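In: when you get a sec, could you give me coordinates for this:
(chains A and B)
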Amino acid sequence: MEQFFYHTLIGQIILMLLETLAVLVPLLIGVAYLTLMERKVMAAMQRRRGPNVNGLFGLLQAFADAIKMIFKETVIPAGANRALFLFAPFLTFSLAMIAWAVIPTGNGLAVANINVGILYLLAISSLGVYGILIAGWASNSKYAFLGGLRSAAQMVSYEVSIGLVIVSVLLAVGSLNLNDIVLAQRHVWFCLPMFPMFIVFFISALAETSRAPFDLPEGESELVAGFFVEYSSLAFGLFFLGEYANMILMSSMVSILFLGGWLPPLGLAPFTWVPGPLWLIFKILFCLFVFIWVRATFPRFRYDQLMRLGWKVFLPLSLVWMIATAGFLLATGLLPQVGGVSS
Amino acid sequence: MLPQLVFYVFATVLLVSAAMVISARNPVHSVLFLILAFFNAAGLFLVAGAEFLAMLLVIVYVGAVAVLFLFVVMMLDIDFTKMREGYQRYAPIGACIGGILFVELILAFSHWKMASGTPVAPIQGPAGLTNTAALGTLIYTHYILLFQTCGLVLLVAMIGAIVLTLRQTGSGRRQNIQKQHARVPAQTLELVDAPLGASVVAQGGFLRPHTSYHETSVPGSYASGEQSVADEREKNA
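Out: This next block holds a predicted model:
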């Protein structure tokens, strides 16, 4: 058995497929229940009941919605660029899925434990903007186009501060491997010494996933629904799934970079009984709860305020913090030695 | 076997999409093919074992440069008939330049010596170093001055771009957030006692803040135009 899975080509391919399914199936179920969680939490915050008709506590609501969406008619607008119009949701969805290959759920427990894991995540999330931009352009509709342009500018702006925050974390870790980043937080989670960067990263994650209060690309009051206004049925469904999968991805990035990934809060007995993957899931759920909490609390930003926050507040702040971190680590001799370099 | 197959797939797609960049009719399609070409180049870096460069190519070129490119091209108002108008006129010059480049390429190629046998193995960095660390040592330790010079050139380019595009057109209002936060109701709110049934016009026209947008607005913008209207109304009252 071991011989077959590890030493033959077919066995390796089957193993890889199984590993992929083991990540993607829980992820998609998670997305389904995230929509339910969002509605329930928002309902609780607004003193409503939320969905409670389909199944116990409305547990089947997500599947009812999915079935409704699948059976709708796919409408392709006249004058739309057919190929690109259909390509955009596939791109968004598959990018949201392939990013999960490098997320470690335990020590070394990732589909691909690669050396440049964090750069891979950054690369994939920077590709996400194409789905939106292509959808906006190919729809041949002014609302969709404006939504796409807004979204592109927004995502590019906030990627800069996300990148700088990640650099200051990497300075303290000395490796681009996600596994090493989590292991470097054995003693203290990075959210304590780098608390301002934790906040900056979290807010940038909100902007990167176009969540409220930064949901300008789909601002329904001015752009109807933004870049996916012309989409229906399964194409819309793919955007929807991709967006929520990206939310979970961003939450797991926050957990891995700042909240110690799969590590328990303290290395003491009652905490260590809980297996690592469960800790990661708890932390992701916590982040998602805050995502929803923010949505229920804050009004939408104006576009110039959004740009101001990104370029005039977060960028200088994270740049100064990065230099300060490097200086501090160098001064105290805590700078990690990378890859056995001896200078 | 498998790495070679992957190499040929990436290389083929790269060449085809590079050809499509210049032959596609629609400029947006051209840019999208350019992105596909970048992406496959990143794949080739991966095959060669340079995973850091591959990721950087995707982040910098695909994630930032090409987005702005696409941004501009999408907003162009393209008239296809107009684009083909000059085709006849420019064909000879184009053919000339193409021919010169082709001859130069052939001249360059004729001096190349091809490695015999199978493609060489992926590049191995210095022992005990990941290629990210090896690259870092090279750039930041051995070639730090050259690297800084590159940075300086980019900085100058950036300042140049800002200087060229920054214009005080005086349109629109500027938001001064500090000022807004420092305001108190006494400065901004004016309560007028209007007699029952009478218009507020008798009291000075309309309710408005004492120090309104006029201070924060750019000189010459429409906000200062509004000021004169307000003044006129005051005079009338």
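In: buried residues in the host helix or strand of A:Leu329, which are they?
Out: In this assignment (DSSP states H and E), A:Leu329 forms part of helix A:315-332. Within helix A:315-332, the residues scored as buried using 16 or more other CB atoms under 10 Å in any protein chain shown are A:315, A:317-318, A:321-322, A:325, A:329. Placement of C-beta: from N, CA and C, glycine included.
In: how about CSV for those residues, with pLDDT added?
Out: What follows is the buried residues of helix A:315-332, written out as CSV (pLDDT from 0 to 100):
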residue, pLDDT
A:Leu315, 92
A:Leu317, 92
A:Ser318, 92
A:Trp321, 92
A:Met322, 92
A:Thr325, 90
A:Leu329, 88
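In: output those residues as a markdown table; include the columns distance to chain B.
Out: Compiled in a markdown table, the buried residues of helix A:315-332 are given as follows (distance: CB to the nearest CB, whole Å):
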| residue | distance to chain B |
| --- | --- |
| A:Leu315 | 13 |
| A:Leu317 | 15 |
| A:Ser318 | 16 |
| A:Trp321 | 20 |
| A:Met322 | 15 |
| A:Thr325 | 17 |
| A:Leu329 | 15 |
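In: out of these, what pair is the most spread apart?
Out: A:Leu315 and A:Leu329 (21.5 Å; CB to CB).
In: count of neighbours near residue 27?
Out: No chain specified, so I'll use chain A. Residues within reach of A:Leu27, counting by other CB atoms under 10 Å in any protein chain shown, total 20.
In: let me rephrase: I mean chain B.
Out: What B:Pro27 shows, counting by other CB under 10 Å, is a neighbour count of 16.
In: you'd agree it is up against B:Leu76?
Out: Yes - taking CB atoms under 8 Å as the definition, B:Pro27 is a contact partner of B:Leu76 at 6.6 Å.
In: quick check: domain ranges of the chain?
Out: With no chain named, the answer covers chain A. The record assigns chain A these domain ranges, following automatic domain parsing: A:1-71, A:80-342.
In: hmm, I had chain B in mind actually
Out: B:1-80+B:131-143, B:177-190+B:201-236 (the TED database).
In: and chain A, which of the ones you listed is closest to it?
Out: Among the domains of chain B, domain B:1-80+B:131-143 comes nearest to chain A, with 2.8 Å by CB to the nearest CB.
In: and the closest one, how far out from the chain middle?
Out: Distance, stretch centre to chain centre, for domain B:1-80+B:131-143: 16 Å (CA atoms, centre = their mean, to the nearest Å).
In: low-confidence ranges, chain B, go.
Out: B:77-84, B:114-129, B:168-174, B:190, B:199-237 (pLDDT under 70).
In: which parts of it sit against chain A?
Out: Listed as neighbours of chain A in chain B under the rule CB under 8 Å from any CB of the partner chain: B:28, B:32, B:35, B:51-52, B:55-56, B:58-59, B:62-64, B:67-68, B:70-71, B:74-75, B:128-130, B:132-134, B:136-137, B:141, B:175, B:177.
In: which of the residues you listed are buried? Put it as a ChimeraX command.
Out: To isolate the buried subset of these in ChimeraX, counting by 16+ other CB under 10 Å, use the following:
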select /B:28,32,35,51,52,55,56,58,59,62,63,64,67,70,71,74,129,130,132,133,134,136,137
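In: and the domains of chain A, which is most packed in?
Out: domain A:80-342 (a mean of 19; mean count of other CB atoms under 10 Å in any protein chain shown).
In: that older thread, show me what the helix holding A:Leu329 is packed against.
Out: Secondary-structure packing of helix A:315-332 (3 or more CB pairs under 8 Å, 6 or more residues apart in numbering or on different chains; DSSP states H and E): helix A:142-173, helix A:195-208.
In: CA-only coordinates of it, as PDB, when you get a sec.
Out: Extracted C-alpha coordinates of helix A:315-332, given in PDB (Å, rounded to 0.1, in the frame of the first residue of the first chain):
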ATOM      1  CA  LEU A 315       1.400  52.500   3.500                       C
ATOM      2  CA  PRO A 316       3.500  54.900   5.600                       C
ATOM      3  CA  LEU A 317       2.600  53.100   8.800                       C
ATOM      4  CA  SER A 318       3.600  49.700   7.600                       C
ATOM      5  CA  LEU A 319       6.700  51.100   6.000                       C
ATOM      6  CA  VAL A 320       7.900  52.800   9.200                       C
ATOM      7  CA  TRP A 321       7.000  49.700  11.200                       C
ATOM      8  CA  MET A 322       9.000  47.500   8.800                       C
ATOM      9  CA  ILE A 323      12.100  49.700   9.200                       C
ATOM     10  CA  ALA A 324      11.600  49.800  13.000                       C
ATOM     11  CA  THR A 325      11.300  46.000  13.200                       C
ATOM     12  CA  ALA A 326      14.400  45.500  11.200                       C
ATOM     13  CA  GLY A 327      16.300  48.100  13.400                       C
ATOM     14  CA  PHE A 328      15.000  46.500  16.600                       C
ATOM     15  CA  LEU A 329      15.900  43.000  15.500                       C
ATOM     16  CA  LEU A 330      19.400  44.100  14.400                       C
ATOM     17  CA  ALA A 331      20.000  46.100  17.500                       C
ATOM     18  CA  THR A 332      19.000  43.300  19.900                       C
END
